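A.B. asks: Got a predicted structure plus its sequence, pasted below:
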Amino acid sequence: MNIRSKDLNLLAIFVGISEEMNLSRASRRLGLSQPALSHALSRLREQFSDPLFVRGQRGLVPTAKVAVLLPQVRVLLASAESLYGAGEALNLAKLNRKAVIASTAYFEARTIASFISHARIKAPGLQIETRSLSGGFPRQELETGEFDLAVAAYFEDVPQGFHIQTVFSDRFVCVCSKKNSYLETKLRTDDYLECKHLQIEVPPGVFAPVDQHLKSKRKRRDIALRIGNFLTPPAILAKSDYLLTCPLSLAENYREMYPLTVTELPFWLPNIDTKMVWHDKCQQDAFHVWLRHCIGGAVNGEDGIVPRTERAGRKDAKPV
């Protein structure tokens, strides 16, 4: 293939059409007349030997090849922008860009609202999109630029070419109804194990730290109910005798919503570290540097962040 025969200027037009899926809107966005845009689309079709976009009932419909090309084209354009924009200051007030953050529901529940408020003050034109992580490390999505950042507490062996940073730490506690019979016991491990437990479902392939600990002691808890979200557990706890083990920040939110009690675990568990990961190609990018600092600022601006503490040897649990 002779790269000199290709018009790389068409790639930005390709992205514009793919994001608008409407030639009139793409024309206005790109500052091209409709005849010029139609001509550019014809050249794109010729260069990629594919129709790329066909007419549908509500606008354009992409062909299968668009899904293959789009991530690669975005990476190429980002590299070109970084090359020609090196040394330019980031103008947040005029920023018109989308940030895609893949994360767990726990991170969203604890941080995303503060992050949005924090970011919009500095960059009102920022578009924020979150994607749910369902287990595993999203290597391909970070490499292609589909995700700007990934945030989770279960990232361990991150491959070469990526950077990782702890965003915040939290500790595990128990939360239950104020009428739960567990509170009338000595709050020790045997009492804990005799309870019926509610568990917020973890991603496939991820093993909850409390169950890892109990397995190492050849013990197990009775998980009577698994819930796939963070919204309904407090309502269930308030009307049942279930016990939930979760991060303190989440438990405190639940306690504000319903008449619940938060107690320490009857055994020690290491803190849960929520970590942010990004690809090496984004390390020096001014926008990504600001985005990472913005998430850190949102976290640090919250009240009640729990510092990392070691609490070994505790036998009794007390209300928090």
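C.D. replies: Done, it's in. Numbering: from 1, shown residues only.
A.B. asks: how about the helices in the stretch 201-320 of the chain?
C.D. replies: Under the criterion DSSP state H, counting those that start in this stretch, the stretch 201-320 of the chain contains helices at 209-216, 233-238, 248-257, 286-300.
A.B. asks: Next: the stretch 1-150 of the chain.
C.D. replies: Going by DSSP H, counting those that start in this stretch, the stretch 1-150 of the chain shows helices at 10-20, 23-30, 34-48, 64-84, 105-107, 113-122, 139-144.
A.B. asks: before we move on, back to that, present the helices of the stretch 201-320 of the chain as CSV; the columns should include distance to residue 135 and mean pLDDT.
C.D. replies: All C-beta atoms are positioned from the backbone trio N, CA, C, and that covers glycine. Shown next, in CSV, are those (distance: least, CB to CB, whole Å; pLDDT from 0 to 100):
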stretch, distance to residue 135, mean pLDDT
helix 209-216, 15, 91
helix 233-238, 20, 96
helix 248-257, 20, 92
helix 286-300, 22, 84
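A.B. asks: count of neighbours near the residue lying closest to residue 280 once chain neighbours are set aside?
C.D. replies: Once flanking residues are discounted, residue 280 sits nearest to residue 161: 4.9 Å by CB to CB, 6 or more residues apart in numbering. Other residues near residue 161 come to 11 when the count uses other CB atoms under 10 Å.
A.B. asks: Per-residue confidence, residue 161, what does it come out as?
C.D. replies: Residue 161 carries a pLDDT score of 87 in this model.
A.B. asks: give the contact list for it.
C.D. replies: 143, 279-280 (CB atoms under 8 Å, 6 or more residues apart in numbering).
A.B. asks: With respect to residue 173, which of those residues is nearest?
C.D. replies: Nearest to residue 173 out of the contacts of residue 161 is residue 279 (CB to CB; 34.6 Å).
A.B. asks: Double-check the closest one against residue 143; I have them as touching.
C.D. replies: Yes - applying CB atoms under 8 Å, one finds residue 279 in contact with residue 143, separated by 5.8 Å.
A.B. asks: Those two: which is more packed in?
C.D. replies: residue 279 (22 against 17).
A.B. asks: Read off the pLDDT value for the more buried one.
C.D. replies: Residue 279 is given a pLDDT of 91.
A.B. asks: Quick check: chain neighbours aside, which residue is closest to it?
C.D. replies: In space, residue 279 is closest to residue 142, 4.6 Å off (CB to CB, 6+ apart).
A.B. asks: Quick check: beta-bridge partners of residue 226?
C.D. replies: Here residue 226 sits in beta bridges with residue 199, going by DSSP bridges.
A.B. asks: Contacts only, for it.
C.D. replies: Going by CB under 8 Å, 6+ apart, residue 226 touches 198-201.
A.B. asks: circling back to that earlier point, export the contacts of residue 161 to TSV and append columns for distance to residue 157.
C.D. replies: Output for the contacts of residue 161, formatted as TSV (distance: CB to CB, whole Å):
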residue	distance to residue 157
143	16
279	16
280	16
